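Trainee: Okay, predicted coordinates and the sequence, questions at the end:
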Amino acid sequence: MDHRKINRRRFLRGVGVSLALPLLDSLQSASAKVSDSQPPQRMLLISNNLGVLPKPFFPEGTGRGYELSPYLAELTEFRNDFTVLSGLSHPDVEGGHSTENCFLTAARGPTKSGFRNTISLDQFAAEQMGPVTRFPTLNLGVNIDKANRSLSWTRDGVLLPAEDSANALFRKMFLQGNAAEVQRQLYHLEERGSILDTLLDDTRQFRKNLGRDDQSRLDQYLTSVREIEERLETARQWETRAKPATDQTPPNDIRDPKLFFEKFDLMLSMGRLALETDSTRIVTLMVDAFATPAFLLHPGQNTTDGYHNLSHHGQSEQKMKQLEDADLQQMVLLRKLFQQLSETIEGEDRLLDRTMILFGSNMGDANTHNNTNLPILLAGGDFKHGQHLAFKHDNNKPLSNLFLTMLHKLGVETDTFGSSTGSPIDF
């Protein structure tokens, strides 16, 4: 048998080993530069994939003297801690509900044949920030169809499933395994490392028989393998460190999808707990309203239809009233989150001032499947808040320009992300 064919077969098996480690995309190279000179900045990214009713969300006036809209009035006490933005969207990200997986990626043409998603804002930031926390990011969900929907996507456009179990997340963050369990996990990490070592040996032998272009492609692949090795080393280091302590008990999961607001509140609390304990500095939370059936609006009162059907209200007064009620309750949950973060002190600052909270949606108007003029609210992060930044509604500014602003606040120096024009939004 031809020696070259044998090596190629072994090489392809090696590729399969590499591709079998998708979760390692959330781990960053141990050689990344980490600066402890500045107070840590954090980010919580929230999206309801059916959005909100636009009219009661957006204020009429602009600048700092704007009048709070009915929805924003629920956040009155934090007026100077948030900014509402209008006239933002992702260019060429159209197609109604198909855009939900592009909210943090800005990947164009989600309905086109052969579409492939791109890296999401959270994963991009984690790559650049390096291994500063046990979990580079945490990706959470409420009522989420985790096989098909996520806010988090790898650089190769692979979906990272959201965690929708508060109990499982709590155990992952705080419960330390016994010595045997830790050793078993370390063994698995070592085993993966040895597989990669074998893979590198095989590919070095295989490289000799390749042309220049193929050698270049292989070198790129080997670079990726080395990065995975470094990520494995980072994982080993974290596995031997004690997890943070908490006086809270593991929460009970809320499994009934009808308890929509209770589940939303619980996952917000878990995200806040993760940030407070510095288990991670980046949290995403997709609220999958599309997958939410008729839900409990108030004790003893269910909605008349599932969330999706309500969103296609067709100006029905009954449906719009229920949607307004649901939107207002979500504003109340945001106010609770702001309050808790403002009461938590880290160093000399409120945790709210060290945490950017983005609340928004891929849907500008779910009733018409419109994906422009997205509802965007940014709170915390020590920005000069208290204003309505309004851009052209007929020629939207890229939402990715705001993402650039947020990346810079995290200390990530980049001129591009998604569809950004290289000009962050200043405020």
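Mentor: Everything's here; your move. Numbering: from 1, shown residues only.

Trainee: Excluding residues flanking it in the chain, which one is nearest residue 38?
Mentor: residue 411 (6.6 Å; Cβ to Cβ, 6 or more residues apart in numbering). All C-beta spots, glycine's among them, are computed from the backbone N, C-alpha and C.

Trainee: Next, count neighbours for that neighbour.
Mentor: As a burial measure, residue 411 scores 16 neighbours (other Cβ atoms under 10 Å).

Trainee: And the nearest residue to residue 320 once chain neighbours are set aside, what's its pLDDT?
Mentor: Ranked by Cβ to Cβ, 6+ apart and with sequence neighbours excluded, the top spatial neighbour of residue 320 is residue 313, at 5.0 Å. As predicted, residue 313 sits at a pLDDT of 98.

Trainee: need the contact list for residue 313.
Mentor: Residue 313 sits next to 319-320, 323, 367 when contact means Cβ atoms under 8 Å, 6 or more residues apart in numbering.

Trainee: Now it: which helix or strand?
Mentor: Using DSSP states H and E, residue 313 maps to neither a helix nor a strand.

Trainee: Number the residues from 31 up from this point.
Mentor: All set: I'll call the first residue 31, so the last point we hit is now residue 343.

Trainee: contacts for the helix or strand hosting residue 298?
Mentor: Using DSSP H and E, residue 298 maps to helix 290-306. Contacts with helix 290-306, where a contact means Cβ under 8 Å, 6+ apart, come from 72, 74, 76, 165, 168, 170-173, 194, 196, 199-200, 203, 276, 278, 281, 284, 287, 309-311, 313, 315, 317, 322, 325-326, 337, 356, 359-360, 363, 366-367, 370-371, 374, 381, 385.

Trainee: same for whichever helix or strand comes after that helix, what does it pack against?
Mentor: Sequence order places strand 312-317 as the next helix or strand after helix 290-306, per DSSP H and E. The contact analysis (3 or more Cβ pairs under 8 Å, 6 or more residues apart in numbering; DSSP states H and E) places strand 312-317 against strand 72-78, helix 151-159, strand 168-172, helix 290-306.

Trainee: and the angle from the last one to strand 72-78?
Mentor: Counting by axes from the mean of the first three to the mean of the last three Cα atoms, to 10 degrees, helix 290-306 points 160 degrees away from the direction of strand 72-78.

Trainee: From the chain's centroid, how far away is helix 290-306?
Mentor: Averaging C-alpha positions (Cα atoms, centre = their mean, to the nearest Å) puts helix 290-306 14 Å from its chain's average.

Trainee: Return it as CSV; C-alpha atoms alone will do.
Mentor: C-alpha atoms of helix 290-306 as CSV (Å, rounded to 0.1, in the frame of the first residue of the first chain):
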residue,chain,number,x,y,z
PHE,A,290,-41.9,32.3,31.7
PHE,A,291,-41.2,35.2,34.0
GLU,A,292,-40.1,33.0,36.9
LYS,A,293,-37.6,31.2,34.6
PHE,A,294,-36.4,34.5,33.2
ASP,A,295,-35.8,35.9,36.7
LEU,A,296,-34.0,32.7,37.8
MET,A,297,-31.6,32.7,34.9
LEU,A,298,-30.9,36.4,35.3
SER,A,299,-30.1,35.6,38.9
MET,A,300,-27.7,32.9,37.9
GLY,A,301,-26.0,35.2,35.4
ARG,A,302,-25.6,37.8,38.1
LEU,A,303,-24.2,35.2,40.6
ALA,A,304,-21.7,34.1,38.0
LEU,A,305,-20.5,37.7,37.5
GLU,A,306,-20.5,38.5,41.2
